[in-house]
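Trainee: just to be clear, the model below is a prediction. Sequence and coordinates:
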Amino acid sequence: MTATPGKAPKKVKEKRQTPQERAEALRYNHMMYGPTAKEVPRVQKKVNLGSAYLQHPKFQALMLAFKKGTAFQFDVTDKGKVFTVATDGTQILFDGKSLFYSRPSNRFEEHLLLDRSILLQYQTSDALVHLAAAVLRSMPELEALPLSFINQQFYYGSETLETGITEHGPNLMVGSYKHLKAAERARK
């Protein structure tokens, strides 16, 4: 054998990309080919929630009946299904289930509460989404509720409405509003 004893030859390491080189490569790829499907953010359609109801006479009659404490109902068609929107004076019902309801606060005001479980159950129905937004927008004395609807899902603040149910229960306090029952009694 004629090999010389000693060290084994070093293994040649592959040259890795530095962060600056990677950023430059990504800029070049974006310039030439555009962003990939995962990199493109979905464009949200601007939807004016509740606008379909706010100026409608049936909805205005429903809200007046809710504030006075009387009964009223009408039907809404969404995706071929007919839903009944009604009030008996203390609650607003959607398809026979209580969505909003009120509890007395004092002689002149009542607290408005929202049932989150019903909102989640029907969140795929556009009729309910617009109804919930219209009820909240029709009462100017309510504070701005951080309730939003993004990607077919309700959010309360930054978290989904469903996570709030497990922590705080299905009832959500919306705010206080002045009812018209006391004014009606005073006139009589």
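Mentor: Looks like it arrived, so ask away. Numbers count the residues shown, from 1 in each chain.
Trainee: contacts for stretch 156-163 next, please.
Mentor: Stretch 156-163 is contacted from outside by Arg116, Leu119, Leu120, Pro146, Leu147, Gln153, Phe154, Tyr155, Gly164, Leu172, using Cβ atoms under 8 Å, 6 or more residues apart in numbering. C-beta coordinates here come from the backbone N, C-alpha and C atoms, glycine included.
Trainee: three-state assignment of Lys10?
Mentor: coil (DSSP: H, G, I helix; E, B strand; the rest coil).
Trainee: list the buried residues for the helix or strand containing Leu99?
Mentor: Following DSSP states H and E, one finds Leu99 within strand 97-104. Within strand 97-104, the residues that count as buried by 16 or more other Cβ atoms under 10 Å are Leu99, Phe100, Tyr101, Ser102.
Trainee: any chance you could map the strands in this structure?
Mentor: Assigned by DSSP state E, the strands in the chain fall at 72-78, 81-87, 91-94, 97-104, 109-115, 147-150, 153-156, 159-160, 171-178.
Trainee: look up how far His30 lies from Ser51.
Mentor: If you measure Ser51 against His30 using Cβ to Cβ, to the nearest Å, the figure is 38 Å.
Trainee: for stretch 75-91, the distance to its chain's centre please.
Mentor: Centre-to-centre, stretch 75-91 and its host chain are 19 Å apart (Cα atoms, centre = their mean, to the nearest Å).
Trainee: also stretch 86-106?
Mentor: 20 Å.
Trainee: what's the mean pLDDT across that stretch?
Mentor: Average pLDDT, stretch 86-106: 85.
Trainee: measure that stretch end to end?
Mentor: Length of stretch 86-106, first residue to last, Cα to Cα, to the nearest Å: 25 Å.
Trainee: stretch 105-118 too?
Mentor: 24 Å.
Trainee: so what touches it?
Mentor: Applying Cβ under 8 Å, 6+ apart, the contact partners of stretch 105-118 are 94, 97-104, 132, 139, 142, 161-162, 164-165, 170-179, 182.
Trainee: flag the shaky bits of the protein, pLDDT-wise.
Mentor: Flagging of the chain using pLDDT under 70 yields the residue ranges 1-4, 41-46, 144, 175, 179-188.
Trainee: cutoff 80 now
Mentor: Within the chain, the stretches with pLDDT under 80 are 1-6, 34-49, 52, 89, 104-110, 139-148, 150-152, 155-161, 163-188.
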